[in-house]
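Enquirer: Need a 3D model of the following:
(one chain, ligands or ions: 2)
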Amino acid sequence: MYLELGELGMARRAFDTLPSRDIFSWNSMIAGYSKANEIDLARGMFDEMPQKDLVSWNTMIDGYAKCGRCELAREFFDMMPRKDVVSWTAMISGYTFNQRPKEALHLFREMLSVRIRPDAAIVVSVLSAIADLGFIEEGRWIHEYLRAHNFSLSSGFIGSALIDMYAKCGYIEDANRVFMSISHKRRIGDWNSIISGLALHGLGIDALEIFHEMETIGMEPNEITFVGVLNACCHFGLVEEGELCFKLMQENYKISPKIQHFGCMIDLFGRAGNLEKALTIIRDMPMEADDLAWKAMLTACLKHGDVETGVHAAQHVMELAPNDSSGYVLLSNIYAKARRWDDVAKVRSMMRERGIKKIPGCSKVYANGKIHEFLVGMEMDGCYGGMVLSKLEEVVCRLKLEGYEPDLTQVLVDVEEEEKESWLAVHSEKMAVAFGLISLGKGSLIHIVKNLRVCSDCHSFMKIVSRVYNRKIVVRDQNRFHHFTNGFCSCNEYW
Ligand SMILES: [Zn+2]
Ligand SMILES: [Zn+2]
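Expert: Ligands and ions are numbered 1, 2, ... in the order given. Got it, this is the predicted structure:
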């Protein structure tokens, strides 16, 4: 009982005075410590236990994974004398939780090879690992596996995880197909997944249609639904519709907006160029604006070239998220766009003084059965030699003949103009495209997953590549999907 109250000290005293301790009371103590994030205390008890059972081992694996210590969790997992499906679930979801999708997938395959039937929880966890990675191949294989082994899409959250996986891997039609196939037994999570998926692809109108369908059949939306709906409006510039939904949420459904909803509204007005209204929301909302809200503001200022408000927003981002480089990077871009190079240099030296490091851009591309990773400025995988860089040089030359002009404001470093161009040329997504052009057959799609937002120079670059080389390119960046075809992007510059 004490454990439920979270009073670990009292629980421990009660435990210490027990005349005889059975394995159940040991396990409860370990679970209590682990839940309270006191994993080292849990470990102490685990070591002291005269006897351990599966529950004790599983609790330790789960506890280590939840506090980010995957290596220790894995050590326990490997050491345990016998494993059950809970042990596998704890380890696999531990990897997913800590954003180590490759390891999660690897272990899942290992589990199948020792003939353990996965339960819904593992399937959901593995699907979300694939969604995180962003490449469909493993996802299709798992969908096949689920069909072959008669898994019901309505068991656990498999249906919504599948929709989410297809959407995040760039296949919104397949996500829709799954959604249609469960038409008679849809739950709120399924609706939410398809709405956020459509938003991610910039399909604002379709997302709103689904939302109205939901209302028509009397399915009650929740706060997550509205984050999806508002995001959908954001990515498509549907300002009026967004305002209406925000009102509807509060008046009809009595959901009081959380900081994420306000964040969406700031983004919505900011992107559409109504910076004043965005600022009013920040000022009037019942809670303090967080770094994300100010970042949305800052991004809007960059898009619309408002230096003054941008500086103000950047100060807030720097205060609220002191180790995050993006406030500095965006501010520098704002100054660069206004050609205020002295201020660009000041931001740079401020970053250096405060020891802020820019998160390196990283792009992944799938080719020949493997995921290839590129970091900004270098070729990750030695075996490509200079192949990728020389291909990139060739591509840039050809694009320049077709009217491509490198946008030098997107470079943070203070170097000569000529050098800036070479810095810009090696952005990770450009290298990934060059690699795609070399290694993927003519006509096949180049699919890239990037960890940061794509910069405006890379965005124009992709558009021209899609036309000149007649290739479809799909880029998932930090925020959304861009589908480039024949010189255009699906985002209509709304990103
Ligand atoms: Zn770029
Ligand atoms: Zn785009």
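
Enquirer: switch to C-alpha atoms for all contacts and neighbour counts from now on
Expert: OK.

Enquirer: At the contact with ligand 2, which residues of the stretch 201-350 of the chain appear?
Expert: By C-alpha under 5 Å from the ion, no part of the stretch 201-350 of the chain sits against ligand 2.

Enquirer: all helices of the stretch 251-400 of the chain, in order?
Expert: Remark: helices assigned in the stretch 251-400 of the chain by DSSP state H, counting those that start in this stretch are 259-271, 275-284, 291-304, 307-320, 326-337, 341-353, 387-401.

Enquirer: Which secondary structure elements does the fifth one sit against?
Expert: Using 3 or more C-alpha pairs under 8 Å, 6 or more residues apart in numbering; DSSP states H and E as the contact criterion, the neighbours of helix 326-337 among helices and strands are helix 291-304, helix 307-320, helix 341-353.

Enquirer: any idea of the mean pLDDT in the second one?
Expert: It stands for helix 307-320. For helix 307-320, the mean pLDDT works out to 96.

Enquirer: and it, how far from the chain's centre?
Expert: Offset of helix 307-320 from its chain centre (C-alpha atoms, centre = their mean, to the nearest Å): 24 Å.

Enquirer: on that earlier part again, what's the closest of the helices and strands packed on helix 326-337 to ligand 1?
Expert: For ligand 1, the closest of the helices and strands packed on helix 326-337 is helix 291-304, at 15.2 Å, according to C-alpha to the ion.

Enquirer: quick check, distance from the closest one to the centre of its chain.
Expert: Using C-alpha atoms, centre = their mean, the mean C-alpha position of helix 291-304 is found 19 Å from that of the whole chain.

Enquirer: same deal with stretch 162-176?
Expert: Centroid displacement of stretch 162-176 relative to its chain, using C-alpha atoms, centre = their mean, is 14 Å.

Enquirer: just to revisit the earlier point, quick one: the helices and strands packed on helix 326-337 as TSV, columns for mean neighbour count too.
Expert: Below are the helices and strands packed on helix 326-337 laid out as TSV (neighbours: other C-alpha atoms under 10 Å):
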stretch	mean neighbour count
helix 291-304	24
helix 307-320	19
helix 341-353	15
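
Enquirer: Mind putting the helices of the stretch 251-400 of the chain into a markdown table with distance to residue 232?
Expert: Putting these into a markdown table (distance: least, C-alpha to C-alpha, whole Å) gives the following:
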| stretch | distance to residue 232 |
| --- | --- |
| helix 259-271 | 9 |
| helix 275-284 | 17 |
| helix 291-304 | 15 |
| helix 307-320 | 24 |
| helix 326-337 | 23 |
| helix 341-353 | 33 |
| helix 387-401 | 33 |
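
Enquirer: neighbouring contacts of stretch 250-258?
Expert: If you take C-alpha atoms under 8 Å, 6 or more residues apart in numbering as the criterion, stretch 250-258 is touched by 220-223, 249.

Enquirer: just those residues now: which is nearest residue 408?
Expert: Using C-alpha to C-alpha, residue 223 is the member of the contacts of stretch 250-258 that sits closest to residue 408, with 41.1 Å.

Enquirer: Please name the nearest non-neighbouring residue to residue 480.
Expert: Using C-alpha to C-alpha, 6 or more residues apart in numbering and skipping the chain neighbours, the partner closest in space to residue 480 is residue 200 (4.7 Å).

Enquirer: Spell out, range by range, the strands that occur in the stretch 1-150 of the chain.
Expert: Using DSSP state E, counting those that start in this stretch, the stretch 1-150 of the chain contains no strands.

Enquirer: So, low pLDDT: which residues of it?
Expert: Residues of the stretch 1-150 of the chain meeting the criterion pLDDT under 70: 1-6.

Enquirer: Just confirm residue 320 contacts residue 291, I think it does.
Expert: Yes. Counting by C-alpha atoms under 8 Å, residue 320 touches residue 291, with 5.5 Å between them.

Enquirer: Now do the end-to-end distance for stretch 293-312.
Expert: Distance across stretch 293-312, first residue to last, is 13 Å (C-alpha to C-alpha, to the nearest Å).

Enquirer: quick check, distance from it to the centre of its chain.
Expert: Centre-to-centre, stretch 293-312 and its host chain are 23 Å apart (C-alpha atoms, centre = their mean).

Enquirer: sorry, back to before: which of the contacts of stretch 250-258 are buried?
Expert: Neighbour-count burial within those applies to 221, 223, 249; the criterion is 16 or more other C-alpha atoms under 10 Å.

Enquirer: In helices only, show me those.
Expert: Judged by DSSP state H, helices contain the following of those: 223, 249.

Enquirer: Out of the buried ones among the contacts of stretch 250-258, which is nearest to ligand 2?
Expert: Closest to ligand 2, out of all of the buried ones among the contacts of stretch 250-258 and judged by C-alpha to the ion, is residue 223, at 27.7 Å.

Enquirer: Show the pLDDT at the closest one.
Expert: Here the pLDDT value assigned to residue 223 is 97.

Enquirer: count of residues packed around the closest residue to it other than its chain neighbours?
Expert: In space, and not counting its chain neighbours, residue 223 is closest to residue 255: 6.8 Å by C-alpha to C-alpha, 6+ apart. As a burial measure, residue 255 scores 16 neighbours (other C-alpha atoms under 10 Å).

Enquirer: how close does residue 255 sit to residue 20?
Expert: In terms of C-alpha to C-alpha, residue 255 sits 50 Å off from residue 20.

Enquirer: Reformat the contacts of stretch 250-258 into CSV and put distance to residue 32 next to each item.
Expert: Formatted as CSV, the contacts of stretch 250-258 follow (distance: C-alpha to C-alpha, whole Å):
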residue, distance to residue 32
220, 36
221, 35
222, 31
223, 31
249, 38
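
Enquirer: could you dump the residues you listed to TSV with distance to ligand 1?
Expert: Output for the contacts of stretch 250-258, formatted as TSV (distance: C-alpha to the ion, whole Å):
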residue	distance to ligand 1
220	41
221	38
222	37
223	34
249	37
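
Enquirer: Near residue 191, how many other residues are there?
Expert: Neighbour count of residue 191, defined by other C-alpha under 10 Å: 23.

Enquirer: quick check, it in a strand?
Expert: No. Counting by DSSP: H, G, I helix; E, B strand; the rest coil, one finds residue 191 to be helix, located in no strand.

Enquirer: by how many degrees do the one helix or strand residue 438 maps to and helix 387-401 diverge?
Expert: Element membership for residue 438, per DSSP states H and E: helix 428-439. Between helix 428-439 and helix 387-401, the angle comes out at 100 degrees (axes from the mean of the first three to the mean of the last three C-alpha atoms, to 10 degrees).

Enquirer: Contacts for helix 428-439, please.
Expert: The contact list for helix 428-439 (C-alpha under 8 Å, 6+ apart) reads 361-365, 367-368, 373-377, 388-389, 391-392, 395, 446, 448, 450, 454, 458, 461-462.

Enquirer: ok, so what distance separates the closest residue to ligand 1 within the stretch 201-350 of the chain from residue 452?
Expert: Nearest residue of the stretch 201-350 of the chain to ligand 1: residue 333, at 12.0 Å (C-alpha to the ion). From residue 333 across to residue 452, the span is 15 Å (C-alpha to C-alpha).

Enquirer: more neighbours, the two?
Expert: Set residue 333 next to residue 452 and count neighbours by other C-alpha under 10 Å: residue 333 wins out with 24 against 16.

Enquirer: you'd agree the more buried one is up against residue 408?
Expert: No. With contact defined as C-alpha under 8 Å, residue 333 does not count as touching residue 408 (9.8 Å).

Enquirer: picking that back up, relative to residue 170, which of the helices of the stretch 251-400 of the chain is closest?
Expert: Using C-alpha to C-alpha, the helices of the stretch 251-400 of the chain put helix 259-271 closest to residue 170, at 22.3 Å.

Enquirer: Contacts only, for the residue of the stretch 1-150 of the chain at minimum distance from ligand 2.
Expert: For the stretch 1-150 of the chain, the residue closest to ligand 2 is residue 134, as judged by C-alpha to the ion, at 17.3 Å. Residues in contact with residue 134 (C-alpha under 8 Å, 6+ apart) are 165, 168-170, 449, 476.
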